[in-house]
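Peer 1: Take this sequence and fold it.
(2 chains)
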Amino acid sequence: DAGVTQSPTHLIKTRGQQVTLRCSPKSGHDTVSWYQQALGQGPQFIFQYYEEEERQRGNFPDRFSGHQFPNYSSELNVNALLLGDSALYLCASSYIGQPNTGELFFGEGSRLTVL
Amino acid sequence: GESVGLHLPTLSVQEGDNSIINCAYSNSASDYFIWYKQESGKGPQFIIDIRSNMDKRQGQRVTVLLNKTVKHLSLQIAATQPGDSAVYFCAETFDNQGGKLIFGQGTELSVKP
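Peer 2: Coordinates of the predicted model:
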């Protein structure tokens, strides 16, 4: 049973460029949440997707956008990259029918470096 | 704004000893408090959760204590092993905000053999 998978694992971009990160949720899960984790910090919630729609959003600018596909996989897009966008981007999946106890399944992340 | 924070950034313990990792929170309205473990190069891994109406919950070698009077959360690890070396985060969430966790900064646990 595959867990949460993310791609790419590492990537380097320059300021002003755009990036797309991808996530496949754990089998049986239908909800995907994205987090940004700066070095030495805890993850920060970006947004969550369910039924191909953004369900919740954290305090991130509109440069951060996402998409969820019918197979529940998801993409995170960041436009007009800034140096401060350098971070580990984590995808977490869950099943909407489960009570929310805070248990999420995280992938290993995509490490983005902006030069 | 509301946040979840940790008292100590690093903790070093001897293998076999018990570890206690502490966390202070400020949002009394949170419904669940959770502990995650993050090993180097990996994503966070769920350890244990506790609902806000409880004060103690036990898992395998771990115990979470919640003191709502002083807004304090702790994770106790019994007989700490080298494999427990990682960064530990506390987090909080609300019943109606599934998938949205508010994480603290983290405590790095180092286990000496």
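
Peer 1: quick one: low-confidence parts of the chain?
Peer 2: All of this is about chain A. A:1 (pLDDT under 70).

Peer 1: was after chain B, sorry
Peer 2: Looking at chain B by pLDDT under 70, you get B:1-8.

Peer 1: can you tell me which residues contact the residue sitting furthest away from the middle of chain A?
Peer 2: Of all residues in chain A, A:Pro99 has its C-alpha farthest from the mean position, at 21.5 Å, by C-alpha atoms, centre = their mean. If you count contacts by C-beta atoms under 8 Å, 6 or more residues apart in numbering or on different chains, A:Pro99 has them with B:Asp95. From N, CA and C alone the C-beta is placed, and that goes for glycine too.

Peer 1: Name the SS class of it, please.
Peer 2: coil (DSSP: H, G, I helix; E, B strand; the rest coil).

Peer 1: Now stretch A:49-58: buried residues?
Peer 2: Judged by neighbour count using 16 or more other C-beta atoms under 10 Å in any protein chain shown, the buried positions of stretch A:49-58 are A:Tyr49, A:Tyr50, A:Arg55, A:Gln56, A:Gly58.

Peer 1: Are that stretch and chain B in contact anywhere?
Peer 2: Yes - contact of stretch A:49-58 with chain B (C-beta under 8 Å from any C-beta of the partner chain) involves A:Arg55, A:Gln56, A:Gly58.

Peer 1: what does that stretch rub up against?
Peer 2: With C-beta under 8 Å, 6+ apart as the contact definition, stretch A:49-58 has outside contacts at A:30-33, A:44-48, A:66-70, A:74, A:96, B:97, B:99-100.

Peer 1: Mind checking which of those are buried?
Peer 2: In the contacts of stretch A:49-58, burial by neighbour count holds for A:31-33, A:44-48, A:66, A:68, A:74, B:97, B:99-100, counting by 16+ other C-beta under 10 Å.

Peer 1: ok, A:Ser24 touching A:Gly3?
Peer 2: No - between A:Ser24 and A:Gly3 there is no contact under C-beta atoms under 8 Å: 9.3 Å.

Peer 1: ok, the two, which is more surrounded?
Peer 2: A:Ser24 (21 against 15; other C-beta atoms under 10 Å in any protein chain shown).

Peer 1: That one: what's it in contact with?
Peer 2: Per C-beta under 8 Å, 6+ apart, neighbours of A:Ser24: A:Ala2, A:Val4, A:Thr5, A:Gln6, A:Tyr72, A:Ser73.

Peer 1: Determine the three-state secondary structure at B:Ser30.
Peer 2: coil.

Peer 1: Now for the closest residue in space to it that isn't next to it in sequence, how many residues are close by?
Peer 2: Nearest residue to B:Ser30 in three dimensions, chain neighbours excluded: B:Glu92, at 3.9 Å (C-beta to C-beta, 6 or more residues apart in numbering or on different chains). Neighbourhood size, B:Glu92 [other C-beta under 10 Å]: 27.
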